[in-house]
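Chemist: what follows is a predicted protein model with its sequence.
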Amino acid sequence: MADWITPKTDWASSDAFNIEDYNRIRNNLTCLHELAETITLPFSIEDMGEDYEEETDEDKMWDVSIFNAIEDNLDTINEHTFNFDFGLKTTFYANGVFIRYTELNRIESASLQMYEAIVNHVKTIPVLPFVLGQYRLLRA
C-alpha cells in the first residue's frame with residue numbers, strides 16, 4: 001500500500017508547484033484508492049504514471065493529462081466513498097491556464113478530508129471476537 005504523506009493545505013499564490021508536490025498528490029490519491037477499496041467494492045482509477053525524479057522528468061510533469069487524471073481520480077474516489085462536496089472539478093487544456101493555488105488547496109484538502117473519513121470509518125467497523133465457519137472445532 002502506498003504511504004500517506006501529509007498534504008499541503010495552505011497553498012498561496014506565491015508558492016511554486018514542483019515535482020515533490022506532484023509526487024505527494026499522486027501518491028496520496030493512490031493511497032486513498034487502496035484505502036477506499038477496503039470499505040467499498042473494487043473500482044479503478046486513471047493511471048497517473050510513476051513518481052517523477054527531479055531533473056530527468058521535469059518536462060513530463062507539465063502535461064495537462066496528468067492534472068486532468070488527478071482531478072478525475074479525486075472525483076472517482078469521492079463518488080465511490082462519501083460523495084462529499086469539494087466544489088467543481090477543473091479541466092485543464094494544452095496552452096491553457098496552469099493549475100492554480102486554489103485548485104491545489106481544494107485537491108489536497110479534499111484528499112485529507114477523505115483520508116480522515118475513510119480511516120475513521122475503518123476504525124468503527126465491528127469485528128466479531130470469533131471466526132465464523134469453524135464449527136468443526138466446537139464440541140457439543
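Modeler: Noted; the coordinates are in hand.

Chemist: give me the local confidence score for Tyr135.
Modeler: At Tyr135, the pLDDT value in this model is 59.

Chemist: make that Ser13, sorry
Modeler: 93.

Chemist: excluding chain neighbours, what is closest to it?
Modeler: Tyr101 (5.3 Å; Cβ to Cβ, 6 or more residues apart in numbering). Yep, even glycine has a C-beta here, placed from its N, CA and C like the rest.

Chemist: which residues touch that neighbour?
Modeler: 11-13, 15 (Cβ atoms under 8 Å, 6 or more residues apart in numbering).

Chemist: what about it, distance to Asp21?
Modeler: Look at Tyr101 and Asp21: by Cβ to Cβ, to the nearest Å, they are 11 Å apart.

Chemist: ok, now Tyr115?
Modeler: Distance from Tyr115 to Asp21, by Cβ to Cβ: 17 Å.

Chemist: tell me the secondary structure at the residue most central in space within the chain.
Modeler: For the chain, the residue nearest the mean C-alpha position is Leu29 (2.0 Å; Cα atoms, centre = their mean). What DSSP: H, G, I helix; E, B strand; the rest coil gives for Leu29 is helix.

Chemist: am I right that it is in contact with Gly49?
Modeler: No: using Cβ atoms under 8 Å, Leu29 makes no contact with Gly49, being 11.8 Å away.

Chemist: distance of Leu32 relative to Phe17?
Modeler: 20 Å.

Chemist: actually Thr91, not the one I typed
Modeler: Thr91 is 18 Å from Phe17, by Cβ to Cβ.

Chemist: neighbour count winner among these two?
Modeler: Phe17 (17 against 11; other Cβ atoms under 10 Å).

Chemist: where does the more buried one land on pLDDT?
Modeler: pLDDT, Phe17: 87.
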